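Chemist: need a structure here:
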Amino acid sequence: MRVLVLGGSWFVGRVVVEDAVQRGHDVTVFNRGRSSGQLSASVRRVIGDREVVEDLERLAALGPWDVLVDVGGSIPAVVGRSAAVLAGAAERCVFVSTISAYRDWPHAPVSEESPLWEGDADADPGTRRWDPDAYGPLKVGCEIACRRAFGSDRLLLLRPHVVLGRYEYVGRLPWWLSRMQRGGHVLAPAPDRSIQPVDVRDVSSFLLDQVEQERSGVFNIAAPPGTATYGDMLRACMTAVADVASQPAELVWVDEQWLTAQGVVQWTGLPLWRNAAAPWHMNVDRAQAVGLRCRPLAETVGDTWDWLRSGGHPVDHERFRQHGIAADSEAAIIRRWRAHRGTR
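Modeler: Residues are numbered from 1 along each chain as shown. Modelled structure (predicted):
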């Protein structure tokens, strides 16, 4: 197949490109050429800015493609222009959205039928800075824009939960691996809370499988519920770095309600922890029915550490620096917890 990927050098897109090349597809990537990601020599790279209509028109003239894959679009007006220009050059479209599109997340379980945020296909906030409050509604607007350009029969929408693995630029798993490498007393909540992060390779495999089958529709993507816990993830991080840790790590489990009262920023202060009713209750029955398979979380953790240890590094992004808690703050919270519990 002829595959056009918008982006293709950061994280999910980079793995999709690698996977598509390994499958023997003819791959073109379109981006600004500012990222350091290395692409296979067989990939055709077209330099341009998707916010410039003339660049999009120049790209469209290089088609046709069997599928357009948009993994990074987040501004509806920009995604809409891209889709409109390329709809005549690509037979089908895949847009990678997010669990944040669901209005009830993380406070209630979500399926593909759950209500979404209200979205505007023509919205442009005027800034390109990360805004967690606007992210979900903007992604919904992008979905609407893609549907307007391609129609439902030519559109595959994927809504992944948290994606982890090599090239991750958000900084969630890298922070935990770094923290375990430092060792000592580690602040740790919710050991038994079920979690559903999905390996980037499994996202890519599912995406390309559906493209090859010319499937349309909407699919949630996450590990099946009940396959791993938050404690499993932290212990996997400890195991991965054990041979190079400065000192052994000791997990100090604290009550979630108490921790919330300490002012730790949920989801980022201790990455992937959120004291809410349903942060990890995404139904993936529909995707499993058509072939979604997810590798064990411990494998994702170990492979990510191997990549980092071998010199791998993600693209620079503002979100990376938002993750983690300062060492002195962590130590102070642990002291307060032990005083609260009457332990030493």
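
Chemist: Per-residue pLDDT of Ser216, please?
Modeler: We have a pLDDT of 98 for Ser216.

Chemist: Tally up the residues packed near it, please.
Modeler: When neighbours are defined as other C-beta atoms under 10 Å, Ser216 has 16 of them. C-beta here means a position set from N, CA and C on the backbone, and glycine is covered the same way.

Chemist: now swap in Arg321 and tell me
Modeler: Neighbour tally, Arg321, other C-beta under 10 Å: 9.

Chemist: Report the mean per-residue pLDDT for stretch 261-276.
Modeler: 95.

Chemist: Between the two ends of it, how far is it?
Modeler: 13 Å (C-alpha to C-alpha, to the nearest Å).

Chemist: Can you give the contact residues for it?
Modeler: Stretch 261-276 has contacts (C-beta atoms under 8 Å, 6 or more residues apart in numbering) with 106-107, 162, 171-173, 175-176, 187-190, 195, 197, 230, 233, 256-257, 259-260, 279, 322-325, 333, 336.

Chemist: Also stretch 304-316?
Modeler: Contacts for stretch 304-316 (C-beta under 8 Å, 6+ apart): 9-11, 35-37, 164-169, 171, 173-174, 177, 237, 240-241, 244, 320.

Chemist: And the helices in this protein?
Modeler: Here the chain has its helices, by DSSP state H, at 12-22, 53-60, 76-86, 132-150, 172-182, 200-212, 230-241, 256-261, 285-289, 297-309, 327-341.

Chemist: how distant is the longest one from the center of its chain?
Modeler: Put simply, helix 132-150 sits 16 Å off its chain's centre (C-alpha atoms, centre = their mean, to the nearest Å).

Chemist: swap in stretch 93-107?
Modeler: That offset, for stretch 93-107, works out to 11 Å (C-alpha atoms, centre = their mean).

Chemist: And for stretch 287-302?
Modeler: On C-alpha atoms, centre = their mean, the centre of stretch 287-302 falls 14 Å from the chain's centre.

Chemist: got the CA positions of that stretch in PDB?
Modeler: Output of stretch 287-302 as PDB, limited to C-alpha atoms (Å, rounded to 0.1, in the frame of the first residue of the first chain):
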ATOM      1  CA  ALA A 287     -10.900  -3.400  19.200                       C
ATOM      2  CA  GLN A 288     -10.200  -6.800  20.700                       C
ATOM      3  CA  ALA A 289     -12.900  -8.300  18.500                       C
ATOM      4  CA  VAL A 290     -11.000  -7.200  15.400                       C
ATOM      5  CA  GLY A 291      -7.600  -8.100  16.500                       C
ATOM      6  CA  LEU A 292      -6.100  -5.800  19.200                       C
ATOM      7  CA  ARG A 293      -3.400  -7.600  21.100                       C
ATOM      8  CA  CYS A 294      -1.300  -6.000  23.900                       C
ATOM      9  CA  ARG A 295       2.000  -7.200  25.200                       C
ATOM     10  CA  PRO A 296       2.700  -7.300  29.000                       C
ATOM     11  CA  LEU A 297       3.400  -4.000  30.600                       C
ATOM     12  CA  ALA A 298       6.700  -5.300  32.100                       C
ATOM     13  CA  GLU A 299       7.900  -5.900  28.500                       C
ATOM     14  CA  THR A 300       7.100  -2.300  27.600                       C
ATOM     15  CA  VAL A 301       9.000  -1.100  30.700                       C
ATOM     16  CA  GLY A 302      12.000  -3.200  30.000                       C
END
